[in-house]
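Asks: I need the structure of the sequence given here:
(2 chains)
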Amino acid sequence: MGLLSDPNRRRALISLLTRLNAPICVVCYMAGVAWFMGLAFEPFTLRTYMSENAMGSTMVEERFPAGERALGTGREFSAHKKKAGGMPVDWLVKTMQSRGLEVFTQRFSRRLPFPDEDKERYMVKGTNVYGILRAPRAPRTEALVLSAPCSPGDDNNQAVGVLLGLAQYFRNQVFWAKDIIFLVNEHDLIGMQAWLEGYHHTNTTGMDWSPLQGRGGSIQAALSLELSSDVVTSLDLVLEGLNGQLPNLDLANLFYAFCQKIGVLCTTQGKLQRNDWDSVSGYSHAVQTMMLMVMKQASGRPWGDHGLFLRYHIEAATIKGINSFRQYKTDATTIGRLLEGMYRKLNNLLERLHQSYFFYLMPSLSHFVSIGYYMPAFGLLALILLLRVSFQPRLLTTYLLTDGVPGVLSVLTPLVISHLTGVALYTLPIHFQEIAVEHFPVSETEAVVLTAIAVYTAGLALPHNTHRLLTGRGTENGWKVLKLVAVLYLAVLLGCTALINFSLGFILALTLVPVAAFVTPDVPKALSAFIMVILSPACTLLFSVFLFQELQEMPVSFLDGWMLYLSVISQGILDHALYGSLVYPLVALLVYPCWLLFWNILFWK
Amino acid sequence: MQLQLFVIILFLFSPLVPQENAGQFFSSGHTNNWAVLVCTSRFWFNYRHVANTLSVYRSVKRLGIPDSHIVLMLADDMACNHRNPKPATVFSHKNMELNVYGDDVEVDYRGYEVTVENFLRVLTGRLPPSTPRSKRLLSDDRSNILIYLTGHGGNGFLKFQDSEEISNVELADAFEQMWQKRRYNELLFIIDTCQGASMYERFYSPNLMALASSQVGEDSLSHQPDLAIGVHLMDRYTFYLLEFLEDIHPSSKANMNDLFKVCPKSQCVSTPGHRTDLFLRDPGSALITDFFGSVRKVEITMETINLTEPIQQVEQNFVNEERQKETYSYVDQLPVSEIIHQKPKQKDWHPPDGFILGLWTLILLVFFKTYGMKHLKHIF
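Replies: I've put the predicted structure just below:
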């Protein structure tokens, strides 16, 4: 009895939805994809602007003079690094002290769950060295961080040199209202994680570190510098951090504003900005830049040393110096001035950066798309799932009444077994690497990755085995209930993922929503099985690897791509163990079982 | 005070003094000058508002108003801010020739003490007895007061310290209170904020003259940034006002019409406005120093003047009558004795509590008797 709505109209609407369900789903999918692609079209984006009043415009006078001396210091650092065979702790301590900073060191050590073949390390021991420049007149309540990694070989020597040069220059100024911490971290992300954990007195990843002797107050912002050449042609800004978290857009705006003021070429994702947005190549350039950002964000790994700061609500970004074949070169003095200007403006902050967006996509450094504009793309995809669920009234109760307990059991069993497989995918690779190494002639890393792939593939054989466990056959309508549960589960899962990491949620939705919408036991089995495997998370990852290399204009052959794919899996597992990245557990424990439920539906008997 | 009375009487009763001097001497009618200078914004990026207020303070002090007659309210401390590359200074221009902070500035209300409540209490004089003299506006009915406000404002309000506002109606009422309590002779009100003219729209008390840096709907702009310090140093209107005042000296004859010409639209970008309809004199006859300085006119006369009969004491004739003791006492603002010793208010009469309880018990018993005891279990 509809008192508040017209029952006839409701019935008409429901019948419309039921009749046209499939076409509406297809239209929604197309609309979602089109909306996403349209985000990079420049008239649909907004120009970036400074939202924080306290930072105002680029109204400072940068006077950093000592670029050459900084490069000389970098060369000294390189020589001592070679001599010490790692981080030249004593030399760094002495140099920082001579510049008037309060210097402290921190030791850390960590045994990785399995050897990291990309960076060739297993038992990691290192030392972080940091110097604190105390603000001359301010209480020690707030701090800013400038960090440069100590990388093996010849990398990032100039970064440390510029860091030390800036430290000396900053020490002579009286206008600092916050302490500035100059940090040189060893073993890049591991050292940074140890330092941050020590600074904030947390221990989330099981690392061993010595406590920090000196602190500077709560950190308001941090910049990480990567500079491996004496001159650069452009500066690249890296924003993506752990779990796809991004710093406040004001930090990117600040960088861009100073780049324009000083006249340095600035890029994001390594791609220069173009002015011809109305041409096809201009638009595709913007799409490529945005897709690179989406893929980097979806991977959930920190793409620079700054990525670990974001978890502590510290806005951080990495500035990389790129030296390519261009005529106009920027020298170290100009880079120093840019950093000086940025730090003077950050010095004026009264509160943490919070006025601008935390969720955005950047098709170029001067334009952005905020969450209000890109979420509808995901919303349209999630709508498909809801449409698929909506027209099955009273299904659950009917099912329970007619089929009773064996019916419920036949639905619960796939659920439980899928999740157990997920748990197996999460735990087995690391635990059984020793057994795998004994039995097969592979290294530990390969053992881990291949075990993961093996467990994944074994899951595909489940439907046949599940039904052997049951006493009878599955019921006719059992698969409908299972599909209802699975679709709702997928909707909730994707929705929550998209809120935290839009890119990951969107990419998973792109591949999983068609699977969820159209799989039934009645579709042709061989073809649908093939399509489902293509759209499964593992294959999505494989395609993403190839797409990523294409976007970066470094296409790979199939074999190289496969090796890259294996290393991506191992890095994903390592990121989870070392820094707490959530992508691997999400995929193994939640997304993969969900996909397995649909696989069970496909082979329902 | 006595001397002035004497001189006035001399001039009144002597026909030898030329009339125009006397006319000029009496044209303003004030005997002392006060200044209330308020900066309402805090934070480092509002450096220019503090610089505005300090530049007017500097001019006012230079022209003769002493610190005891200036109430200076600064919402934040720019000179000692950690971000100031030149500590203990506040500059008005980037060539840094003029440090308006000086070395003898006396701030009466600082930091969080600059609130709407304190400002209105200063104007109306309703301060607690423990307030020191430096924080009071001890003006009388012969005081000319200069009030200068600067900060962030809008149409009809001025923002104090990021958390509260004063509206133009409140301000007008405060001035009316001042008029009724005879706390000023003439009052010059200058405001340098965005849409400043809205703040003087509602004035209705006599003898008020108002100037604002911009009309309703316009923003007041800042003058120039200083890249070494990193902020805008001053607002345009006050910058040109300061420039104008630097040329005024205590014996200057410049009048209000010159003040109205300060910072035309070409320099200020906004259109400064002024309001003189409530001012009883002609603005052309009001000197700048009537408000900005503390000028006393003293004329030395070499002539002797014969007084009329010496002043005689009024004879007290209560020799025969009883002494009438006239006791004087202060009138309380609030009837304190009544408040302290008040009787409790008469409440309306209610029937006693027991009666009501018994009544309801009776009603319940009748109910259950009529409809049966089985309903009782629904209650208990």
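Asks: And the helices in chain B?
Replies: Ranges of helices within chain B are B:2-13, B:19-28, B:47-62, B:116-124, B:168-180, B:236-246, B:256-260, B:265-268, B:289-292, B:336-340, B:353-371, B:376-379, based on DSSP state H.
Asks: Format those as JSON lines; extra columns: distance to chain A and mean neighbour count.
Replies: All C-beta atoms are positioned from the backbone trio N, CA, C, and that covers glycine. Shown next, in JSON lines, are the helices of chain B (distance: least, Cβ to the nearest Cβ, whole Å; neighbours: other Cβ atoms under 10 Å in any protein chain shown):
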{"stretch": "helix B:2-13", "distance to chain A": "50", "mean neighbour count": "12"}
{"stretch": "helix B:19-28", "distance to chain A": "43", "mean neighbour count": "13"}
{"stretch": "helix B:47-62", "distance to chain A": "11", "mean neighbour count": "25"}
{"stretch": "helix B:116-124", "distance to chain A": "22", "mean neighbour count": "19"}
{"stretch": "helix B:168-180", "distance to chain A": "25", "mean neighbour count": "18"}
{"stretch": "helix B:236-246", "distance to chain A": "17", "mean neighbour count": "22"}
{"stretch": "helix B:256-260", "distance to chain A": "31", "mean neighbour count": "19"}
{"stretch": "helix B:265-268", "distance to chain A": "21", "mean neighbour count": "13"}
{"stretch": "helix B:289-292", "distance to chain A": "32", "mean neighbour count": "25"}
{"stretch": "helix B:336-340", "distance to chain A": "44", "mean neighbour count": "9"}
{"stretch": "helix B:353-371", "distance to chain A": "34", "mean neighbour count": "10"}
{"stretch": "helix B:376-379", "distance to chain A": "30", "mean neighbour count": "8"}
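Asks: With mean pLDDT added, can I get those helices in JSON lines?
Replies: Output for the helices of chain B, formatted as JSON lines (pLDDT from 0 to 100):
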{"stretch": "helix B:2-13", "mean pLDDT": "55"}
{"stretch": "helix B:19-28", "mean pLDDT": "50"}
{"stretch": "helix B:47-62", "mean pLDDT": "92"}
{"stretch": "helix B:116-124", "mean pLDDT": "95"}
{"stretch": "helix B:168-180", "mean pLDDT": "95"}
{"stretch": "helix B:236-246", "mean pLDDT": "91"}
{"stretch": "helix B:256-260", "mean pLDDT": "91"}
{"stretch": "helix B:265-268", "mean pLDDT": "86"}
{"stretch": "helix B:289-292", "mean pLDDT": "90"}
{"stretch": "helix B:336-340", "mean pLDDT": "68"}
{"stretch": "helix B:353-371", "mean pLDDT": "86"}
{"stretch": "helix B:376-379", "mean pLDDT": "63"}
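Asks: so who does whichever residue of the stretch 451-600 of chain A sits closest to chain B touch?
Replies: In the stretch 451-600 of chain A, the residue found nearest to chain B is residue A:499; the distance is 32.4 Å by Cβ to the nearest Cβ. Residue A:499 makes contact with residue A:505, according to Cβ atoms under 8 Å, 6 or more residues apart in numbering or on different chains.
Asks: That one should be in a helix, yeah?
Replies: Yes: counting by DSSP: H, G, I helix; E, B strand; the rest coil, residue A:499 falls inside a helix.
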